[in-house]
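*Asks:* Below are the sequence and a predicted model; questions follow.
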Amino acid sequence: MLEISIKNIKMKNPLMLASGILDLTKSSMERIKDAGAIVTKSIGIHARKGYENPTFFDAGVGILNAMGLPNPGIDEYIKEIDGIKVDVLIGSIFGEDDKEFGYLAKKIAPYINAIEMNMSCPHAKKFGMEYPTNEIDNAVKEAKKSKKPVFVKLGMENLIERAEKAVDGGADAIVAINTIKAMAIDIDVAMPVLSNKIGGYSGKAIKPIGVRCVYELASNFDLPIIGVGGITNARDVIEYMMAGATAVQIGTGIYYEGEGIFTKIKDELKKWLNKNGYDSIKDIIGLALKK
Ligand code: DHB
């Protein structure tokens with residue numbers, strides 16, 4: 001009832017663990033048993049320590065974070081995920097040019113089912129959302145040489161323009177959105193809260209922006225869309241899917257609901273589909289696009 005597929009990848013349900021949460025170690029990823037797929041932490045060529053603390057702030061109406069792409073580098077990370085027991089593993093990678101993306105995709109390919117190219121981290125110099133739009137197609141082409149399906153993760157900024165380039169390069173799916181560039185000031189000391197000053201904003205408040213972005217992508221392109229942003233319950237998942245998403249990712253939702261969120265949403269989804277007379281969750285994909 002909850003099965004979906006993207007390219008040759010079959011998932012038992014449309015719920016994916018979003019990149020950056022509980023995904024640095026094999027054991028934390030293996031613990032998330034009820035997710036249809038797990039996305040790894042974004043991995044680069046070399047080890048990075050990330051920014052100094054504070055890197056995380058609960059802004060009340062959402063979360064701010066700026067970690068700084070901390071990761072052990074591709075060679076160490078491959079040792080971590082070798083032999084991992086999860087149904088579907090998506091390897092998230094970031095690079096500063098097409099050669100780096102090509103190199104990382106080839107290295108991680110034997111260990112994963114698909115690649116997610118991070119082209120939307122909102123604050124890392126050269127990487128993420130600063131990756132030039134007119135070079136996205138070449139980077140995707142390089143990553144595709146790994147022979148694995150390639151998903152491209154984009155933020156809300158210049159979304160359609162960047163998605164067009166990803167599609168030109170041969171992307172197999174678009175993941176949208178990432179966190180949104182934001183900041184908080186500690187008024188008692190008159191300084192930004194995060195050490196990096198600017199961070200990414202996530203949580204319930206960004207859901208309507210994510211839904212709008214997925215709707216626009218699904219209206220403009222004919223490829224699978226994976227929706228991300230502010231999901232905490234089954235109704236949120238249904239909303240994203242009706243807007244055109246084939247699958248969704250959950251990250252900050254774990255902060256609000258705990259690791260059991262995947263089990264909880266999976267059960268709620270089944271109940272809702274039964275109550276509303278749907279045999280398969282696939283039947284709700286894009287329903288709102290037609291009205
Ligand atoms: C980080 C934040 C992101 O939103 C992202 O896409 C990648 C990395 C970080 O701060 O590490």
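*Replies:* Looks like it came in fine. Residues are numbered from 1 along each chain as shown.
*Asks:* Spit out the contact partners of the nearest residue to residue 84 once chain neighbours are set aside.
*Replies:* Leaving aside its chain neighbours, residue 84 sits nearest to residue 26 (5.0 Å; criterion: Cβ to Cβ, 6 or more residues apart in numbering). Using the backbone N, CA and C atoms, a C-beta is placed for each residue, glycine as well. Shown in contact with residue 26 (Cβ atoms under 8 Å, 6 or more residues apart in numbering): 80-81, 83-84.
*Asks:* Retrieve the pLDDT associated with residue 26.
*Replies:* If you check residue 26, the pLDDT there is 97.
*Asks:* and it, backbone torsions?
*Replies:* Residue 26 has phi and psi values of phi -60, psi -50 when expressed as degrees, to the nearest 10.
*Asks:* mind listing what the residue of the stretch 101-250 of the chain found nearest the ligand touches?
*Replies:* Closest residue of the stretch 101-250 of the chain to the ligand, Cβ to the nearest ligand atom: residue 121 (3.4 Å). For residue 121, the contact set (Cβ under 8 Å, 6+ apart) comprises 42, 69, 94, 127-129, 178, 200.
*Asks:* Filter the residues you listed down to just the ones in strands.
*Replies:* Using DSSP state E, the members of the contacts of residue 121 that fall in strands are residue 200.
*Asks:* contacts with the ligand among the contacts of residue 121, please.
*Replies:* Among the contacts of residue 121, the ones lying near the ligand by Cβ under 6 Å from any ligand atom are 42, 69, 128, 178, 200.
*Asks:* What distance do you get for the fourth one to residue 76?
*Replies:* Yep, that's residue 178 we're talking about. Distance from residue 178 to residue 76, counting by Cβ to Cβ, to the nearest Å: 24 Å.
*Asks:* repeat for the first one
*Replies:* Here the criterion is Cβ to Cβ. By it, residue 42 lies 14 Å from residue 76.
*Asks:* Name the residue in these two with the higher neighbour count.
*Replies:* Applying other Cβ atoms under 10 Å to residue 42 and residue 76 shows that residue 42 carries more neighbours, namely 27 against 11.
*Asks:* The more buried one contacts residue 93, correct?
*Replies:* Yes. Counting by Cβ atoms under 8 Å, residue 42 does reach residue 93; the two are 6.6 Å apart.
*Asks:* shared neighbours of those two, anything?
*Replies:* Shared contacts of residue 42 and residue 93 (Cβ under 8 Å, 6+ apart): residue 118.
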